[in-house]
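1. this is the structure alone, sequence omitted:
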């Protein structure tokens, strides 16, 4: 069993930066790849970023375009998502995810989800 708790969401203006954090617990955490998804009102949940067990490989959705950076701290069991140059269209609930497979797309099977953290970007 893996528990995921996100933090760091909030209300920011377009062009601002924000850092999300996901704290993971559970003795099998190290067996899971980690990633972030988001869901905007009226839309399907979509893949944002993924990272390998070691942190050596990262994967991003095309809409990120170099603005977001995913990171992992295995010693602290945390996964971060640094978001720069935020746009109003980035407004969504952001979810931390854990999967036994590399998280690389919308269709990656996810075993565990966090409760989500709201990010709102005003224009």
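-> Looks like it came in fine. Keep in mind the model is a prediction, meaning the values are calculated, not measured. Numbering: from 1, shown residues only.
2. wait, residue 68 touches residue 82, no?
-> Yes: the pair residue 68 and residue 82 qualifies as a contact (CB atoms under 8 Å) at a distance of 6.6 Å. Yep, even glycine has a C-beta here, placed from its N, CA and C like the rest.
3. now do the helices in the chain.
-> In the chain, no helices are defined using DSSP state H.
4. nearest to the middle of it, which residue? Look it up for me.
-> The centre of the chain sits closest to residue 36, judged by CA atoms, centre = their mean, with a distance of 2.3 Å.
5. for that residue, report the pLDDT, please.
-> The model reports residue 36 with a pLDDT of 98.
6. how about residue 27?
-> 68.
7. ok, now residue 53?
-> Residue 53 carries a pLDDT score of 87 in this model.
8. not counting sequence-adjacent ones, nearest residue to it?
-> Distances taken as CB to CB, 6 or more residues apart in numbering put residue 33 closest to residue 53, at 6.1 Å, once the chain neighbours are dropped.
9. got it, and residue 81?
-> Nearest non-adjacent residue to residue 81, counting by CB to CB, 6+ apart: residue 20, 4.3 Å away.
10. what's the neighbour count on the one you found?
-> Residue 20 has 25 neighbours, counted by other CB atoms under 10 Å.
11. how about it, what does it touch?
-> 6-9, 36, 80-81, 83, 94, 96, 117, 119 (CB atoms under 8 Å, 6 or more residues apart in numbering).
12. what bridges to the residue nearest to the centre of the chain?
-> Bridge pairing for residue 36 (DSSP bridges) gives the partners residue 49, residue 96.
13. wait, doesn't it sit right on residue 98?
-> No: counting by CB under 8 Å, residue 36 does not reach residue 98; the two are 11.0 Å apart.
14. quick one: the residue nearest to the centre of the chain from residue 56, how far?
-> Counting by CB to CB, to the nearest Å, the gap from residue 36 to residue 56 is 18 Å.
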